[in-house]
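S.K.: quick one, what's the 3D model for this:
(one chain, ligands or ions: 1)
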Amino acid sequence: MADQYVQTRDGEESPRLASLRWDELPEGPVLILLDQRRLPAEEAELVCTDVPALVQAIRTLAVRGAPLLGIAGAYGVALAAARGYDVAEAAALLETARPTAVNLGYGVRRAAGAYEEAVGKGADAQEAAAAVLAVARELHREDAEASERMAQHGLVLLDELLPGGSHRILTHCNTGRLVSGGEGTAFAVALAAHRTGRLRKLWVDETRPLLQGARLTAYEAARSGMSYTLLTDNAAGSLFVAGEVDAVLIGADRIAADGSVANKVGSYPLAVLAKYHHVPFIVVAPTTTVDLGTAHGASIEVEQRSGREVTEMPVSRAAEQEAEAGGLPLAPLGTQAYNPAFDVTPPELVTAIVTEEGTVSPVTGAGIAELCARLRR
Ligand SMILES: CSC[C@H]1O[C@H](OP(=O)(O)O)[C@H](O)[C@@H]1O
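M.R.: Residues are numbered from 1 along each chain as shown. Below you'll find the predicted structure:
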């Protein structure tokens, strides 16, 4: 499917696009991805028939976003099992495709564990593959349910923090349906506010260099009929000065045990601005993003990406030409660029962390631990 992007009629939500789906074709099982590199100009699908193709899709952000990476990783293990590839090898490849989002490793290990358990109980290859697919589908469903619960917890928090019920929310990167089994994380809260008449404006940071905000969040906001305005990342400060931001809502890729939050680069400066201007800075993430095994934010590995993402503007071209061709130069040839994909916000700058299990505020290690303890009850 390569439909041209359609503008949503005001007030109507366009049908939900599946960011990822499993299918059984005559030639075998496949994982079909909505290629997020081509949005918003083109709703193109990417059909993955093996794990290397899925790893490449993850590395190039054809499929992206912490919760969806966990789901994609689990389906990748299911694809390996269903096609008779070495599952342990596939899991190792998938788990290391991108380093920062903890969800990826969680989804892969949960699926690979189901395979090992099935084989250990005497399952044959087909039965073991079915067990893995069942876990991938369970993870997909759990994330959709988590998304709904985060939206409700987020609405309650906004009502508490912002009486009056007409919110101007600034968001960064993309945290909607395109990164989730459901309606997303931070964007799901904004969507719930929109649906209940509480959203006055969604301010959308473009999110350089890959423009997840301009290309994806604006696309999702348009399809949802929201009132939204795009801004360059460096314009956010003047919005705070103008008193135009009631709250910041962002997602997360990894939350350390002390409450430090790794998220798309540019999140930390927003947290500092929010603190200075006494604006709530709210992180929305499922508990699959919490990593008690990482004690502090300083221990989170921040993915460093190619400088070409900064020095070149991708030029839309047929997917098969994507790999070798360069983009439109934005800097002199040979310019070196610093391109961390994420930054880390310390807990003292975070007003609250909203998860499907409830909200942690103030954000402390003890609060994070208590939240995770609820999971084990
Ligand atoms: C729902 S959290 C999504 C999270 O993932 C994004 O990173 P990327 O686009 O590189 O996968 C960004 O950090 C978002 O907050």
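
S.K.: just how off-centre is the helix or strand hosting residue 200 within its chain?
M.R.: Per DSSP states H and E, residue 200 falls inside strand 199-205. Centroid displacement of strand 199-205 relative to its chain, using Cα atoms, centre = their mean, to the nearest Å, is 18 Å.

S.K.: so what strands line up beside it?
M.R.: Neighbouring strands of strand 199-205 in its sheet, by DSSP bridges, are strand 167-171 (parallel), strand 228-231 (parallel).

S.K.: ok, and what's touching it?
M.R.: 166-173, 190, 193-194, 213-214, 217-218, 221, 226-233, 236, 239, 244-245, 266, 270 (Cβ atoms under 8 Å, 6 or more residues apart in numbering). Glycine gets a C-beta too; all of them are placed from N, C-alpha and C.

S.K.: write the PyMOL selection for whichever of those are buried.
M.R.: A single PyMOL command selects the buried members of the contacts of strand 199-205 (16 or more other Cβ atoms under 10 Å):
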select buried, resi 167+168+169+170+171+172+173+190+193+194+213+214+217+218+221+226+228+230+231+233+236+239+245+266+270
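
S.K.: so the helix or strand just after the strand holding residue 200, near the ligand or not?
M.R.: Counting by DSSP H and E, the element after strand 199-205 in chain order, helix or strand, is helix 212. Yes - against the ligand, helix 212 shows contacts by Cβ under 6 Å from any ligand atom at residue 212.

S.K.: which pLDDT does the model give residue 165?
M.R.: Looking at residue 165, its pLDDT is 85.

S.K.: wait, a strand at it?
M.R.: No - under DSSP: H, G, I helix; E, B strand; the rest coil, residue 165 sits outside any strand and is assigned coil.

S.K.: ok, it touching residue 198?
M.R.: Yes - with contact defined as Cβ atoms under 8 Å, residue 165 reaches residue 198; the gap is 4.8 Å.

S.K.: now do the shared contacts for those two.
M.R.: Here residue 165 and residue 198 have residue 159 as joint contacts, going by Cβ under 8 Å, 6+ apart.

S.K.: name the residue in these two with the higher neighbour count.
M.R.: More crowded of residue 165 and residue 198, by other Cβ atoms under 10 Å: residue 198, with 19 against 14.
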